[in-house]
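Student: Structure for the following, please:
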Amino acid sequence: MLRLQPVSDTWEIIMKRLLILAAPLAIGLAACSQNTQNETAEAGNAIAADAEATTRNAVSDVDAATDRAFGSAERNLDNAGERIDAATDRTGERLDASADRAGAAISNGADRAADATGNALERAGRTLKD
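Tutor: Predicted coordinates:
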C-alpha cells in the first residue's frame, strides 16, 4: 500500500538532503585559496547580472506584447464603431425611403378616393337631375 507523507515532512527531507550536499561544498570553498574564492564570487556576480538582464528583457517583451494587444483591441473597437455608424446610416436611409414610399402611397390613395368621391357625386347629381 502506498503511503503518502505530509508535504512538511517531504520538504524537511529535501532540505536535509540539500544540507548534506551543500555542507561539503561550503567546507571545500572555505579551504580554497583567495584567488579561487574571488573567481567564484566573480562567477556568481556574472550569473546574477545575466539573470537581471534576462529579467529585464522578459519585462520588456511583456510590455511590448501588452502594447500590441491594446493597440489591436483599440483598432478592433474603432472598426466596430465605424461599422455600427455605417449600418445606422444605411438603416436611416432605408427608413427615409420607406417613409417616402408610404407617403406617396397614402397620397395616391387619397387622390383616388377623392376622384372616386367626385365621380360618385357627379353621378348622383346627374341621377337627381334626370
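
Student: any idea how far the residue sitting nearest the centre point of the chain lies from Ala87?
Tutor: Closest residue to the average C-alpha location of the chain: Ala73 at 5.5 Å, with C-alpha atoms, centre = their mean. Distance, Ala73 to Ala87, using C-beta to C-beta, to the nearest Å: 21 Å. C-beta: built from backbone N, CA, C; applies to glycine.

Student: what does Ala48 give?
Tutor: 58 Å.

Student: ok, now Ile20?
Tutor: To Ala87, Ile20 is 73 Å away according to C-beta to C-beta.

Student: Okay, now the unreliable bits of the chain?
Tutor: The chain contains residues with pLDDT under 70 at 1-11, 14-15, 18-19, 21-22, 25, 27-33.

Student: just checking, what's the longest helix in it?
Tutor: Taking DSSP state H as the criterion, the chain has its longest helix at helix 34-129.

Student: Number of residues surrounding Arg17?
Tutor: 10 (other C-beta atoms under 10 Å).

Student: Quick check: which element contains it?
Tutor: Using DSSP states H and E, the element containing Arg17 is helix 7-31.

Student: Distance check, Asp115 against Glu122.
Tutor: Separation of Asp115 from Glu122 (C-beta to C-beta): 10 Å.

Student: And for Ser107?
Tutor: 22 Å.

Student: Kindly report the same for Ala99.
Tutor: 34 Å.

Student: go on, Gln34?
Tutor: Distance, Gln34 to Glu122, using C-beta to C-beta: 131 Å.
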